[in-house]
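> Please work out how this folds:
(one chain, ligands or ions: 1)
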Amino acid sequence: MGKGQELYKYAKTIIPGGTQLLSKRPEQFLPNLWPAYYSRAKGCDVWDLDNNHYIDFSYMGIGACSLGYACDAVDSAVKKVIDNGSMCTLNAAEEVFLAEKLLGLHPWAEMVRYAKAGGEGMALAVRIARAATGRDKVMICGYHGWHDWYLSANIAGSDSLSAHLLAGLDPAGVPKGLHGTVLPFHYNNIEEFDSVFDQNIDDLAAVVMEPVRNDMPVEGYLEHIRERTASSGVVLLFDEITAGFRLNCGGSHMALGIDPDLAVFAKSMSNGYPVSAIIGIEDIMKAAQDTFMSSTFWTERTGFAAAMATIDFFQKNDVENHLIAAGEHVVDVWKVAAKNHGLEIHTGGIAPLSHFSFAHDEPLVCKTFFTQEMLQRGYLATTAFYASFTHTADMIDRYGEAVDEVFGIMAKEPNLVSCLEGPVCQSGFQRLN
Ligand SMILES: Cc1ncc(COP(=O)(O)O)c(C=O)c1O
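Alright, predicted model coming up:
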């Protein structure tokens, strides 16, 4: 057991769940063997606590670092504001400059508010939508954070979120009075959307969804939702926390040609520094004045400076086309290696956020084995790849050689589970002791 796993074992005794983010739990990757902690990260190179070196071909800071870790252009802007004071009784002018920049990128939007985390930004946006419409109910598709408003979808024993986030989420601690306020629907299913919409139209505040993520919208789908929400005075809120700043510099909705009423950004907008932005049309955003939403750290300066520098970097370096090309290249690597060895896999996701799954009786065993073998070859790897500006074509070719080798072993091995050096990875939410 390396230093990382030793520390993680201890962490679980003083931090419930071991870490603050489900997606960073080592059990999601390679139980007992994942390095768990890093000492240094630069570009897509990562060093663990034992100074072992890996190349990150997995989630790149769970989607937060599309320019690569410790990007000089962003970090120098952040260091500058730290040297000049990152917190003060007066406000940071950068929050106004960033608002101007975001509105310049999204001409349909007129006002901006900020928070720190993505889910927190979504909670603000939902509050604004409810305040603006005077209605309570919210239709949702996909994952939008951990807050009461969202998790209430699972009250009364339903597992409504299993298709949107993961199975087994118990809404313990969420007030039962929120039951029935959040109504899930599935992406690209117009009939289901219409049915839920029509049944709740009188008390519907917002439709909340990612404009795109795993699949491209079928023809007319987003246009239909836009038309129905607009004609019923329902707020259309796009969650761009993960899809934004991947296909273009700004919201993916611009690439799809649909303007929402509100949109929320976080993650890739600031390359790893905490800030989220809620942008929207004035008529709705001004309802933020009718309710109380206020927090000390929403005014903190480094997030604004990081987001400005990240957006500048996107604009100067054609980052989105690099992310798309890298993602397509990696999907090609998966497909070619699978074909070479007669393995059946399914691929999906928009190119910069690609993933695959093993068509096998024991997909989690396959996934665990893949991660185990790739780690031994110097890669942090799983069945998803979030592209960064620092993934080069040469690097992807070398990763491809390792994938080909591992798929080759998998195709020949009839008893993969016996080849695992630890337990099988977890897929959903589970209590950890
Ligand atoms: C689409 C989407 N919405 C909301 C969130 C929550 O963001 P955060 O983890 O910053 O609270 C995520 C995080 O993965 C996300 O992918």
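> you'd agree V207 is in a strand?
Yes: under DSSP: H, G, I helix; E, B strand; the rest coil, V207 falls within a strand.
> give the contact list for the residue nearest to it when sequence neighbours are not counted.
Once flanking residues are discounted, V207 sits nearest to M139: 4.7 Å by C-beta to C-beta, 6 or more residues apart in numbering. C-betas here are computed from N, CA, C, even on glycine. By C-beta atoms under 8 Å, 6 or more residues apart in numbering, the contact set of M139 is 182-185, 193, 196-197, 200, 204, 206-208.
> pLDDT at M139, what is it?
pLDDT, M139: 97.
> Specify the beta-bridge partners of it.
L183, V207 (DSSP bridges).
> could you pull out the helices for the stretch 301-433 of the chain?
Using DSSP state H, counting those that start in this stretch, the helices of the stretch 301-433 of the chain run over residues 301-317, 319-341, 363-376, 393-412.
> Burial-wise, tell me which of those helices comes out on top.
Ranked by mean neighbour count, these are led by helix 301-317 with a mean of 22 (mean count of other C-beta atoms under 10 Å).
> thinking again about what came up before, kindly indicate which of the contacts of M139 lies nearest A73.
Minimum distance to A73 across these is 32.9 Å, recorded for V208 (C-beta to C-beta).
> How many residues are close by that closest one?
Neighbour count for V208, taken as other C-beta atoms under 10 Å: 26.
> Please name the residues that touch it.
122, 125-126, 138-141, 144, 237, 239.
> confidence score at it?
So V208 comes in at 98 (pLDDT).
> Then the one 3 residues further on?
P211 is assigned a predicted lDDT (pLDDT) of 97.
> Equivalent analysis for the one 5 residues further on, please.
In this prediction, M216 carries a pLDDT score of 93.
> quick one: it from S252, how far?
Noted for M216: a distance of 10 Å to S252, by C-beta to C-beta, to the nearest Å.
> Which residues are in contact with each of these two?
Residues touching both M216 and S252 by C-beta under 8 Å, 6+ apart: I350.
> Please name whichever of the helices of the stretch 301-433 of the chain is nearest to the ligand.
Of all these, helix 301-317 sits nearest to the ligand, with 11.9 Å by C-beta to the nearest ligand atom.
> for that closest one, packing partners?
In this structure, helix 301-317 packs against helix 72-83, helix 94-105, with contacts taken as 3 or more C-beta pairs under 8 Å, 6 or more residues apart in numbering; DSSP states H and E.
> Check which residues of the last one are buried.
Pointing back at helix 94-105 there. 94-95, 98-99, 101-102, 105 (16 or more other C-beta atoms under 10 Å).
> Redo these as CSV? Include pLDDT and distance to the ligand.
Converted to CSV, the buried residues of helix 94-105 look like this (pLDDT from 0 to 100; distance: C-beta to the nearest ligand atom, whole Å):
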residue, pLDDT, distance to the ligand
E94, 98, 20
E95, 98, 19
L98, 98, 17
A99, 98, 20
K101, 98, 20
L102, 98, 17
L105, 98, 19
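> Which pLDDT value belongs to A167?
pLDDT, A167: 68.
> Can you tell me how far G272 is from the ligand?
Distance from G272 to the ligand, counting by C-beta to the nearest ligand atom, to the nearest Å: 11 Å.
> Could you confirm that residue falls within a strand?
No: G272: not assigned to a strand; according to three-state DSSP it is coil.
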